[in-house]
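Colleague: what follows is a predicted structure for the sequence shown.
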Amino acid sequence: MTRERFQKLAGETLDALPSRFREKLRNVAIVIEDFPDDPAAGDGEGLLMGLFEGTPQTEKSVWDQASGPDRVILYQKNIEAVCDTDAEIREEIRLTLLHEIGHFFGMSEEQLEDV
């Protein structure tokens, strides 16, 4: 899949999130990369699909706002590796975005297991 097509699917998925969540995603960049910098990165259960880099909202102070945007990174090639169709890629993007945005809002891995 081309990067442009993947970006389009990611954008559509982000646009489909409820507005009450999208409105709170200020100063968050959604970034698409092929693979993680560390090939061994992951949760021990498989490929790393995404990553939140930044300070969760539950830990931020007013001084953190000047530090630049937080980032949600989607790893395109890893997502494509576990999907066979555009529909599966769209669903994996949705699940990964929800997971990483959950970290942005301060949710732990344990809390995200139920999402």
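Modeller: Received, thanks. Computed from a predicted structure; not experimentally measured. Numbers count the residues shown, from 1 in each chain.
Colleague: and the pLDDT at the residue nearest to the spatial centre of the chain?
Modeller: Residue closest to the average C-alpha location in the chain (C-alpha atoms, centre = their mean): residue 97, at 3.7 Å. pLDDT for residue 97: 92.
Colleague: now the helix or strand containing it: buried residues?
Modeller: Secondary structure from DSSP states H and E places residue 97 in helix 86-104. Neighbour-count burial for helix 86-104, counted by 16 or more other C-beta atoms under 10 Å, picks out 89-90, 92-94, 96-97, 99-104. C-beta: built from backbone N, CA, C; applies to glycine.
Colleague: nearest residue to residue 80 other than its sequence neighbours?
Modeller: residue 1 (6.1 Å; C-beta to C-beta, 6 or more residues apart in numbering).
Colleague: contacting residues around the one you found?
Modeller: 76, 80, 86, 89 (C-beta atoms under 8 Å, 6 or more residues apart in numbering).
Colleague: how much space between residue 10 and residue 55?
Modeller: From residue 10 across to residue 55, the span is 23 Å (C-beta to C-beta, to the nearest Å).
Colleague: compare those two (neighbour count), which wins?
Modeller: Neighbour comparison, residue 10 and residue 55: the larger count goes to residue 10, with 23 against 14 (by other C-beta atoms under 10 Å).
Colleague: let me know the pLDDT of the closest residue to the more buried one other than its chain neighbours.
Modeller: Using C-beta to C-beta, 6+ apart and skipping residues adjacent in sequence, the residue nearest residue 10 is residue 93, 5.3 Å away. Residue 93 carries a pLDDT value of 95.
Colleague: for residue 93, give its distance to residue 17.
Modeller: Residue 93 is 11 Å from residue 17, by C-beta to C-beta.
Colleague: same thing with residue 34?
Modeller: 24 Å.
Colleague: and these two? which has more neighbours close in?
Modeller: Applying other C-beta under 10 Å to residue 34 and residue 17 shows that residue 17 carries more neighbours, namely 15 against 10.
Colleague: got a list of what that one touches?
Modeller: 97-98, 101.
Colleague: can you check residue 80 too?
Modeller: Per C-beta under 8 Å, 6+ apart, neighbours of residue 80: 1, 6, 89.
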